[in-house]
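Participant: fold the following, please.
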Amino acid sequence: MSDLQQALETVYGADADLASQAKRYRSDLQRFRERYGPGPVQIYRAPGRVNLIGEHTDYNHGYVLPMALDRDVLVLIRPRQDATVRLANAEPGFPLRHFELAPEIPPNATGDWANYFQGPAQLLAQEQSADLLGIDALVDSALPHGVPRGAGLSSSSALTVAAASALVGRNRLPLAGPALAEACGRAEWYVGTRGGIMDQFGAVLSQQGHALFLDCRPQADGSYCYRHVPIPSGYDVLVVDSRVRHRNTGPHFNRRVAEGRIGVRLLQTRWPEMTHLRDVEGQPWSAIEPLLPEVAHSPELLAQGIDPEAILEEGVSPQTDTFYVRRRCRHVLSENRRVLDAIEALSQDEVARFGQLMAQAHDSARDDYEISVPEIETLVGVARRQPGVVGARLTGAGWGGCIVVLVESDQTSTVANAITQTYARESGRQARAFCCRSSAGAGFCWETEV
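Facilitator: Residues are numbered from 1 along each chain as shown. Presented below is the predicted three-dimensional model:
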């Protein structure tokens with residue numbers, strides 16, 4: 001076995017299509033040589049992720065269970081002796097970029113792909129060393145091996161983490177593990193993303209053959225608790241992209257955040273020390289429910305000293321006067337319980353029980369958090385009817401995007417075809433199905449000469 005094959009087996013597993021991956025890596029090495037000339041090349045990578053269970057719990061200090069995918073972003077680099085980063089993309093349509101490593105790097109226009117590289121570069125220059133050395137770099141996230149963009153599989157975070165890993169490795173910076181993941185989360189602020197920590201932690205800390213249980217509440221020293229949970233053998237994770245994208249989901253998302261925080265403020269009358277919904281997870285729902293109105297309006301909340309417009313970050317508005325507090329809080333609290341139950345089920349190889357929890361999670365996201373859409377319901381409904389399917393649910397922020405299906409391995413192709421064909425017939429849309437395996441977390445992969 002060649003050195004490259006050994007490296008790929010470590011990342012993707014012995015039963016992966018290593019020949020196809022090796023062809024991809026060698027093609028990128030040829031592209032790098034054509035762009036930058038002969039010489040040494042190092043390859044770094046970061047995976048996309050799918051969240052198996054635990055939706056909209058991260059910003060409520062709850063629990064999540066993502067799995068790193070064998071769909072990833074590669075960054076091929078060659079060290080430079082100055083502070084310049086020259087950046088190319090293996091896919092057509094992406095302009096060449098270059099910038100100087102510095103504590104302040106002006107961003108390109110909103111949506112420019114290079115901003116996801118410049119963000120971690122700026123943060124590392126600010127927090128690790130102002131004298132970073134540069135690289136020549138080639139990025140590859142092309143299908144079928146790359147992370148699909150816009151599908152809710154965290155392609156942007158994968159690029160951010162891959163870029164950070166490459167710059168950290170080139171400059172031999174003392175940054176790894178949870179500290180690197182947390183830094184990558186803050187690096188995405190550069191492009192205006194103020195999300196949770198799940199995507200970056202999943203990309204950095206995952207292990208091949210496992211999902212990652214993450215407690216999104218920081219401990220007193222700022223660290224996070226996490227552990228690896230084995231994926232049952234004999235099953236595949238099928239991700240199906242509905243191809244539905246809602247352009248303006250920001251107000252909907254902000255509203256959900258506000259409703260959770262309103263719930264906290266109302267519950268503080270009984271439990272004054274609580275700061276997040278997480279703090280009442282040990283209390284019975286029968287004690288919590290009477291304190292939360294099914295519907296609350298801004299005037300009555302203001303009369304209780306709760307200003308919905310001030311409860312979010314400055315400049316962010318829920319853009320509504322009506323809040324469905326009880327059902328939103330019920331979803332978060334019940335979802336946290338389901339994540340813990342899911343970890344127990346997987347640890348005991350109780351696959352059917354895990355599938356039931358996936359179904360309950362989907363129903364809660366649809367009914368209590370109201371983040372589903374008709375196209376997603378069509379996909380989930382079709383998936384649940386297929387032989388060999390253990391569980392199916394929407395995954396990601398909602399209002400479109402993807403579903404995740406756990407299916408017996410020998411039924412995966414049949415199930416994928418049935419889902420996409422039925423979806424096309426019933427919705428008039430063409431879904432994309434990805435059979436995904438777990439992969440190792442981000443980092444250095446291989447080094448060679450071209």
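Participant: identify each buried residue in stretch 259-274, please.
Facilitator: Residues 259-267 are the ones in stretch 259-274 that count as buried (16 or more other CB atoms under 10 Å). Just so you know, the C-beta spots here come from the backbone N, C-alpha and C atoms, and that holds for glycine as well.
Participant: which of the residues you listed lies closest to Trp446?
Facilitator: Set against Trp446, the nearest of those by CB to CB is Gly260 (43.7 Å).
Participant: spatially nearest residue to the closest one, not counting backbone neighbours?
Facilitator: Asn60 (5.4 Å; CB to CB, 6 or more residues apart in numbering).
Participant: and for Asp321?
Facilitator: Asp321's closest residue in space is Ser298 (CB to CB, 6+ apart), at 4.2 Å.
Participant: the one you found: neighbouring residues, count only.
Facilitator: By other CB atoms under 10 Å, 16 other residues sit near Ser298.
Participant: tell me how far the residue nearest to Gly260 lies from Gly398.
Facilitator: Distance, Asn60 to Gly398, by CB to CB, to the nearest Å: 15 Å.
Participant: look at the two and report which has more neighbours.
Facilitator: Neighbour count, other CB under 10 Å: between Asn60 and Gly398, Asn60 has more, with 26 against 23.
Participant: and that one, how far from Tyr369?
Facilitator: From Asn60 over to Tyr369 the distance is 11 Å, taken as CB to CB.
Participant: other SSEs contacting the longest helix anywhere in the chain?
Facilitator: Counting residues, the longest helix in the chain under DSSP state H turns out to be helix 325-347. Contacts defined by 3 or more CB pairs under 8 Å, 6 or more residues apart in numbering; DSSP states H and E place helix 325-347 against strand 40-53, strand 63-79, strand 210-215, strand 226-230, helix 250-267, helix 285-288, helix 351-367.
Participant: now with 6 Å?
Facilitator: Counting contacts by 3 or more CB pairs under 6 Å, 6 or more residues apart in numbering; DSSP states H and E, helix 325-347 is packed against strand 63-79, helix 250-267, helix 351-367.
Participant: redo the ones you listed as JSON lines? Include mean pLDDT.
Facilitator: Formatted as JSON lines, these follow (pLDDT from 0 to 100):
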{"stretch": "strand 63-79", "mean pLDDT": "97"}
{"stretch": "helix 250-267", "mean pLDDT": "92"}
{"stretch": "helix 351-367", "mean pLDDT": "98"}
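Participant: could you dump these to TSV with distance to Gln421?
Facilitator: TSV is the format used below for these (distance: least, CB to CB, whole Å):
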stretch	distance to Gln421
strand 63-79	23
helix 250-267	31
helix 351-367	22
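Participant: just name the most buried of these.
Facilitator: Highest mean neighbour count among the helices and strands packed on helix 325-347 (mean count of other CB atoms under 10 Å): strand 63-79, with a mean of 25.
Participant: for that one, output the C-alpha coordinates as CSV.
Facilitator: Provided in CSV are the C-alpha atoms of strand 63-79 (Å, rounded to 0.1, in the frame of the first residue of the first chain):
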residue,chain,number,x,y,z
TYR,A,63,-26.5,19.1,23.3
VAL,A,64,-25.8,18.1,19.7
LEU,A,65,-24.6,15.0,17.9
PRO,A,66,-22.9,15.8,14.5
MET,A,67,-21.0,13.4,12.3
ALA,A,68,-18.1,14.5,10.2
LEU,A,69,-18.6,13.4,6.5
ASP,A,70,-16.3,11.9,3.9
ARG,A,71,-17.3,15.0,1.9
ASP,A,72,-14.5,17.5,2.6
VAL,A,73,-12.5,20.6,1.6
LEU,A,74,-8.9,20.0,0.6
VAL,A,75,-6.3,22.8,0.8
LEU,A,76,-3.0,22.1,-0.9
ILE,A,77,-0.2,24.4,0.2
ARG,A,78,3.5,25.2,-0.4
PRO,A,79,5.2,27.4,2.2
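Participant: list the buried residues of the next helix or strand after it.
Facilitator: Later in the chain than strand 63-79, the nearest helix or strand by DSSP states H and E is strand 84-89. By neighbour count on 16+ other CB under 10 Å, the buried set for strand 84-89 is 85-89.
Participant: what lines up beside strand 84-89 in the sheet?
Facilitator: Applying DSSP bridges, strand 84-89 is found paired with strand 97-100 (antiparallel), strand 135-140 (parallel).
Participant: need the winner for burial among those.
Facilitator: Of those, strand 135-140 is the most buried (mean count of other CB under 10 Å), at a mean of 25.
Participant: now it: average pLDDT?
Facilitator: Strand 135-140 comes out with an average pLDDT of 98.
Participant: I'd like the next helix or strand past that strand.
Facilitator: As assigned by DSSP H and E, the chain's next helix or strand after strand 135-140 is helix 155-171.
Participant: just the CA trace of that next one, in CSV.
Facilitator: Coordinates of each C-alpha in helix 155-171 appear next as CSV, following Å, rounded to 0.1, in the frame of the first residue of the first chain:
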residue,chain,number,x,y,z
SER,A,155,-19.3,23.8,3.6
SER,A,156,-18.3,27.4,4.7
SER,A,157,-17.1,26.2,8.1
ALA,A,158,-15.2,23.3,6.4
LEU,A,159,-13.3,25.9,4.3
THR,A,160,-12.6,28.0,7.3
VAL,A,161,-11.3,25.1,9.3
ALA,A,162,-9.2,23.8,6.4
ALA,A,163,-7.7,27.2,5.9
ALA,A,164,-6.9,27.6,9.6
SER,A,165,-5.4,24.1,9.8
ALA,A,166,-3.1,24.9,6.8
LEU,A,167,-1.9,28.2,8.3
VAL,A,168,-1.4,26.7,11.7
GLY,A,169,0.6,23.8,10.3
ARG,A,170,2.7,26.0,8.0
ASN,A,171,3.6,28.4,10.9
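Participant: alright, that wraps it up for me.
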